[in-house]
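Q: I'll drop the sequence and a predicted model, then ask my questions.
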Amino acid sequence: MSTYAPMQQFAAAFRGQSGGAIMGGVICAMAAFAVLGVVISSVGLAPGTDPVSITLILCSYALPAVALLFWAGRKQGIEPGALFGPSPQVRMDAAIAARRVLASLGAIFALTILAIGLSGAIEPPDAAEAGRMRDAAPWLAALPFAAVAVLLQSGSEEVLFRGYLMPALRARSANPWVWLAGPAILFGMAHVPYAETWQDGAFLFIVTGLLGLALGDLTARTGSIGAAVGLHWAWNVWQFILFAEEGSPMSGYALFLQPTAPRADFGPLTLLAVALTILIPWLAIRLGLRR
């Protein structure tokens, strides 16, 4: 596809690499993730319901990325920058994407509240149903640390899925079902273990798989992970820093805490609503990059 021509250049560093070497890099990163999971559980950081524990958990995501960069450099002779793309473009695309995602999600939220208010279809909830808001002062004090921690977490995942796995597969196959859909499916599967029920797992798989497709599309169109990092970071900022369910894992940053929603309520309309929070920002980024 000519639309994805930049992906060919992005995959250049992986041409001639053996399948064993590529698999070794994936195993190296996955092993680092597994070790992190054990360490986080053993030292009592899970489930990240306070600012300190969630900061340490998110920052620890840098370890698998460092391990992967080390493997790629020492075992495959790939420069670290090859997994990111041209530095000026990465920074510019990430900034454009992050701004447009936050603006899009903010607009969606505002319009939703306005539509509900004007329609009068839903009665105002009582205090217990509406949830609560954390004190603004400590939340603002933690905000810079939260932004950096979320960037480390989302950036590290992008290095693995879009910076390493995707171009490695593109170097071996021209079929987008292999190099675009494949990493998106794996990205969705990687989030399933966080689910408590099979319904929750199915919902996470579909949503994060769709997010993975959007992230992969931006990477393929630009030839770098900049736009993908911007989208992933801003989307996670919305998930981690602004809204969360009361007492849920990784809710330590959230300003607004909502009552836990029964997973059985996640029907087609809920899935469509969440999908739109991915598709609309993705389209906004596409328009901003003009690629």
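A: Yep, that arrived. Just so you know, these numbers come straight off a predicted model, no measurement behind them.
Q: Show me the strands in the stretch 101-250 of the chain, by range?
A: Per DSSP state E, counting those that start in this stretch, the stretch 101-250 of the chain carries strands over the ranges 132-133, 243-245.
Q: which outside residues touch the shortest one?
A: When contacts are defined by Cβ atoms under 8 Å, 6 or more residues apart in numbering, strand 132-133 is touched by residues 246, 255-257. Bear in mind the C-beta positions are built from the backbone N, C-alpha and C, glycine included.
Q: Any quick PyMOL command for the buried ones out of the residues you listed?
A: Typed into PyMOL, the line below selects the buried ones among those, using 16 or more other Cβ atoms under 10 Å:
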select buried, resi 257
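Q: can I get the contacts of strand 132-133 in TSV with distance to L83, secondary structure and pLDDT?
A: Output for the contacts of strand 132-133, formatted as TSV (distance: Cβ to Cβ, whole Å; DSSP: H, G, I helix; E, B strand; the rest coil; pLDDT from 0 to 100):
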residue	distance to L83	secondary structure	pLDDT
E246	38	coil	81
L255	33	coil	91
F256	35	strand	88
L257	36	strand	86
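Q: I'd like to know which of the contacts of strand 132-133 is nearest to L272.
A: Comparing these against L272 with Cβ to Cβ places F256 closest, at 22.4 Å.
Q: Grab the nearest non-local neighbour of the closest one.
A: Distances taken as Cβ to Cβ, 6 or more residues apart in numbering place F243 nearest to F256, at 5.1 Å, with adjacent residues excluded.
Q: what sits against A181?
A: Counting by Cβ under 8 Å, 6+ apart, A181 makes contact with 213, 216.
Q: mind checking how far it is from G216?
A: A181 sits 8 Å away from G216, going by Cβ to Cβ, to the nearest Å.
Q: next one: R132
A: Separation of R132 from G216 (Cβ to Cβ): 37 Å.
Q: quick one: which of the two has more around it?
A: More neighbours surround G216 than the other of R132 and G216, with 25 against 11 (other Cβ atoms under 10 Å).
Q: Phi first, then psi, for the nearest residue to that one once chain neighbours are set aside.
A: If the residues on either side of it in the chain are set aside, G216 comes closest to L180, at 4.8 Å by Cβ to Cβ, 6+ apart. Dihedral pair for L180: phi -100, psi -50, per degrees, to the nearest 10.
Q: What pLDDT is listed against L180?
A: pLDDT recorded at L180 is 96.
Q: looking at the strands of the stretch 101-250 of the chain, which is buried most?
A: Counting by mean count of other Cβ atoms under 10 Å, strand 243-245 has the highest mean neighbour count of these, with a mean of 17.
Q: Could I get the average pLDDT for that strand?
A: What strand 243-245 shows for mean pLDDT is 83.
Q: For the spatially most central residue of the chain, give me its contacts.
A: The centroid of the chain falls nearest to H232 when counting by Cα atoms, centre = their mean (3.9 Å). By Cβ under 8 Å, 6+ apart, the residues touching H232 are 154-155, 157-158, 211, 215.
Q: and A174, what does it touch?
A: Applying Cβ under 8 Å, 6+ apart to A174 gives no contacts.
Q: Tell me the spacing between it and L114.
A: The spacing between A174 and L114, counted by Cβ to Cβ, is 46 Å.
Q: repeat for E79
A: From E79 across to L114, the span is 49 Å (Cβ to Cβ).
Q: I206 too?
A: Taking Cβ to Cβ, one finds I206 at 28 Å from L114.
Q: Next: S41.
A: According to Cβ to Cβ, S41 and L114 sit 43 Å apart.
Q: hang on, P259 packs against S248?
A: No - in this structure P259 lies outside contact range of S248 using Cβ atoms under 8 Å: 10.3 Å.
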